[in-house]
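J.: coordinates only, sequence not included:
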């Protein structure tokens, strides 16, 4: 065999193995679930999800809309097979979930179980695949079976958020995918639990006797899909109160009430980048969820964050940097010179190469974040997570 043929064979084998690692997902106790948007499955055509020997898998599937509905039960064919077997929609426990205020649009959620399987081969069938859908896979042995996962496909516009009634013991996972089926644009979804006395969306109004969340209830937000019994500090973004939106940059993100109470979730795809009037969060694209592709972003990425334009005086800010890996993060704080110049007086500049053990405090009107990777070819574990808070000074 000639050198050229050997080189070509090696190249083809490398490409095959390289492609395989992006459609194979190995679950474990720290990462016991995986979720993806239907458009991602269409791009990959098939995926394999690995569990453990003799595992039981919980499969949660949600589609937007239904073409064949009978007696409030959606009979549409499921657009994928599991180990080359079709799923019967009649076999799955169903939930019909309104999600858009003053409309008749619904999510149809199904729950299936596959017993005694070490892996699942998931293949797109082409049937009913024009509908927007999302899928979640969990290993029963590694998760709390008492919690019901609803996986929601993310779509919509900043001025058209979705409102979903999250019932007791529900965990909501939202998944997004760029509209052009590439990784040229990052996912961006804002998750916000709303207080009951400030919830006016018709989709969250109910006469049912629910255990509603209290005003001071806390809500856990995770990067990626639903967590399991074993705590994963890397994926846990924060616990926060209602009416504080955060926007993870992973393709999947999860929210649930710490007390397992019912609440109204507002979520928006591609929201306006938040300022510093409230608590806010920034992270690099597709980080830190291990099932995403952070390695595809090898350039420097820059954000500029502003306070409200109604007050241009520097104000005290608290920054937390719990995660930083595979690159350097530069933060530059600015003051306001005049109405025409905007933020142009540098009053703070610092570069970080590792996470911070203690919060950073400084005063600024606006600041700039720039993250640059250390690896020109990309590394699957590179990125940062940054949380910002305004320091409220109480006057006596």
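T.: Arrived safely, thanks for sending. Source: prediction; values computed, not measured.

J.: Which element, helix or strand, includes the residue nearest to the spatial centre of the chain?
T.: When the chain is reduced to its mean C-alpha position, the nearest residue by CA atoms, centre = their mean turns out to be residue 253, at 2.3 Å. Secondary structure from DSSP states H and E places residue 253 in strand 252-257.

J.: Partner strands of that strand, with direction?
T.: Each strand pairing with strand 252-257, determined using DSSP bridges, is listed with its direction: strand 170-175 (antiparallel), strand 219-223 (antiparallel).

J.: Can you tell me which of the ones you listed is most buried?
T.: Mean neighbour counts were compared across the strands paired with strand 252-257 using mean count of other CB atoms under 10 Å; the top stretch is strand 170-175, at a mean of 25. Yep, even glycine has a C-beta here, placed from its N, CA and C like the rest.

J.: quick one on the thing from earlier: buried stuff in the strand holding residue 253?
T.: The neighbour-count check on strand 252-257 (16 or more other CB atoms under 10 Å) flags 252-257 as buried.

J.: do stretch 240-255 as well
T.: Within stretch 240-255, the residues scored as buried using 16+ other CB under 10 Å are 240, 242, 244-255.

J.: And for stretch 299-315?
T.: With burial defined by 16+ other CB under 10 Å, the residues of stretch 299-315 counted as buried are 301, 305-307, 312, 314-315.

J.: Give me the below-cutoff pLDDT ranges for the stretch 1-150 of the chain.
T.: Across the stretch 1-150 of the chain, the ranges flagged by pLDDT under 70 are 1-21, 101-103, 128-129.

J.: Now do the helices in it.
T.: Secondary structure of the stretch 1-150 of the chain by DSSP state H, counting those that start in this stretch: the helices cover 3-20, 38-44.

J.: returning to what we had before: is it possible to export the strands paired with strand 252-257 to CSV including mean pLDDT and distance to residue 344?
T.: Listed next are the strands paired with strand 252-257 as CSV, based on pLDDT from 0 to 100; distance: least, CB to CB, whole Å:
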stretch, mean pLDDT, distance to residue 344
strand 170-175, 96, 38
strand 219-223, 96, 34
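
J.: Redo the ones you listed as a markdown table? Include distance to residue 232.
T.: Formatted as a markdown table, the entries for the strands paired with strand 252-257 read as follows, by distance: least, CB to CB, whole Å:
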| stretch | distance to residue 232 |
| --- | --- |
| strand 170-175 | 14 |
| strand 219-223 | 8 |
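
J.: Phi first, then psi, for residue 201.
T.: Phi and psi for residue 201, reported as degrees, to the nearest 10, are phi -70, psi 130.

J.: how far away is it from residue 164?
T.: As for residue 201, its distance to residue 164 is 9 Å (criterion: CB to CB, to the nearest Å).

J.: can you tell me which residues contact the residue nearest to residue 262 when sequence neighbours are not counted?
T.: What sits nearest to residue 262 in space, not counting adjacent residues and going by CB to CB, 6 or more residues apart in numbering, is residue 210, at 4.1 Å. If you count contacts by CB atoms under 8 Å, 6 or more residues apart in numbering, residue 210 has them with 167-168, 261-262.

J.: what residue ranges in the stretch 251-396 of the chain score low on pLDDT?
T.: In the stretch 251-396 of the chain, residues with pLDDT under 70: 272-275, 277-279, 295-298, 308-312, 337-342, 375-380, 391-396.

J.: can you do 50?
T.: Applying pLDDT under 50 to the predicted model, the residue ranges of the stretch 251-396 of the chain that meet it are 393-396.

J.: Let me know whether the residue nearest to the centre of the chain touches residue 174 as I believe.
T.: Yes: here residue 253 reaches residue 174: they are 5.7 Å apart, a contact under CB atoms under 8 Å.

J.: Between the two, which contacts overlap?
T.: When CB under 8 Å, 6+ apart defines a contact, the residues bordering residue 253 and residue 174 alike are 189, 191.

J.: With that, I have no additional questions.
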